[in-house]
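1. What would the 3D arrangement of this be:
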Amino acid sequence: MIKRTEGYFTGDHHKLGSSSQNQELFFQSWTSAKARATLVLTHGISEHSESYHEMALELVPRGWDIYAWDLRGHGRSEGKRGYIDDFHRYSRDLHHFVKHLKSGSLKNSKLPLIMMGHSMGGLITLRYLVDQGVAAPAKGLVLSSPALGISMPIPTWKEFAARALLNYLPQVTLPNDIPHNLLTHIEERWRRYDSDPLRHDKVSAAMYFGMIEGF
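-> Numbers count the residues shown, from 1 in each chain. All right, here's what the predicted structure looks like:
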């Protein structure tokens, strides 16, 4: 039997002008009494944790407890859709998520912990592991199409505009222009993407350049 739970944790400290705030970030889990390992999952750009529900239903009966979170500005987490002021804040949020899980939210803290990231989530997970070094509790790593580069051609004018936005209007977000057929070959899912209220296609300049610069 699969047990589902939902909750929130406090993300990385966020400065906002002269004030500051801590954003509440959403996470959910799929667990069972027969788990042999724990998978901590970070989704890709414009996705959210619920995108992995079907995958969880396949993996949990095979011995996995799965904990997935929504990046700030995505899914049910707080934050302007698609906006990030500092790309490294995502990996610091992941650090807070892992700390939150290790402090008592894990169903079984003795199970080996495996990190998984898809697309931009793969880059975020790698950044987290580099920053944490030997202190990271992960016993393994799974990367699904990690965003280690941009495969789509970016028009020169658009990159120039993004640089201007980064310097003068950093909170402005623009469509990411990623066609659905580059995300999946299953046409049925394209319609689900369009009707999913938790998905968006927004990206801020800091998010774009953060992916370009990688590490």
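2. From here on, just use CA atoms for contacts and neighbour counts.
-> Will do.
3. can you give me the strands in this structure?
-> 3-16, 19-31, 37-42, 64-69, 113-118, 140-144, 173-175, 202-204 (DSSP state E).
4. now these as CSV including distance to residue 102?
-> Shown next, in CSV, are the strands of the chain (distance: least, CA to CA, whole Å):
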stretch, distance to residue 102
strand 3-16, 12
strand 19-31, 14
strand 37-42, 11
strand 64-69, 12
strand 113-118, 10
strand 140-144, 16
strand 173-175, 34
strand 202-204, 31
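5. How about the contacts made by residue 12?
-> Contact analysis of residue 12 by CA atoms under 8 Å, 6 or more residues apart in numbering lists 22-23, 89, 92-93, 96.
6. Residue 203: which of those residues is nearest?
-> For those, the minimum distance to residue 203 (CA to CA) is 14.9 Å, reached by residue 89.
7. so what's that closest one up against?
-> residue 12.
8. I'd like the distance from the residue lying farthest from the centre of the chain to residue 123, if you could.
-> Distance from the centre of the chain peaks at residue 157, with 28.2 Å (CA atoms, centre = their mean). Counting by CA to CA, to the nearest Å, the gap from residue 157 to residue 123 is 26 Å.
9. pLDDT weak spots in this structure?
-> Within the chain, the stretches with pLDDT under 70 are 14-21, 179-182, 190, 214-215.
10. 80 - rerun?
-> Applying pLDDT under 80 to the chain picks out residues 14-22, 149-155, 157-158, 176-194, 214-215.
11. check contacts around the residue farthest from the centre of the chain.
-> Residue 157 touches nothing, counting by CA under 8 Å, 6+ apart.
12. got it, and residue 25?
-> Contacts of residue 25 by CA under 8 Å, 6+ apart are 8-11, 69-72, 76-78.
13. since we're on the residue nearest to it when sequence neighbours are not counted, how many residues are nearby?
-> Using CA to CA, 6 or more residues apart in numbering and skipping residues adjacent in sequence, the residue nearest residue 25 is residue 77, 4.3 Å away. Applying other CA atoms under 10 Å, we find 22 residues neighbouring residue 77.
14. try the one 10 residues further on
-> Burial of residue 87, expressed as a neighbour count using other CA under 10 Å, amounts to 20.
15. go on, the one 4 residues further on?
-> The local packing of residue 91 (other CA under 10 Å) involves 24 other residues.
16. ok, now residue 196?
-> Residues within reach of residue 196, counting by other CA under 10 Å, total 12.
17. quick one: contacts for it?
-> Residue 196 touches nothing, counting by CA under 8 Å, 6+ apart.
18. one step back: how close does the residue nearest to residue 25 get to residue 118?
-> 18 Å.
19. Derive a PyMOL selection command for the buried subset of the contacts of residue 12.
-> The PyMOL command for the buried members of the contacts of residue 12 (criterion: 16 or more other CA atoms under 10 Å) is given here:
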select buried, resi 23+89+92+93+96
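20. Tell me which of the strands of the chain is the most buried.
-> Most buried of the strands of the chain, by mean neighbour count (mean count of other CA atoms under 10 Å): strand 64-69, with a mean of 26.
21. Not counting that strand itself, show me its contacts.
-> 25-32, 35-43, 48-49, 56, 60, 97.
22. That one vs strand 19-31, what angle?
-> 160 degrees (axes from the mean of the first three to the mean of the last three CA atoms, to 10 degrees).
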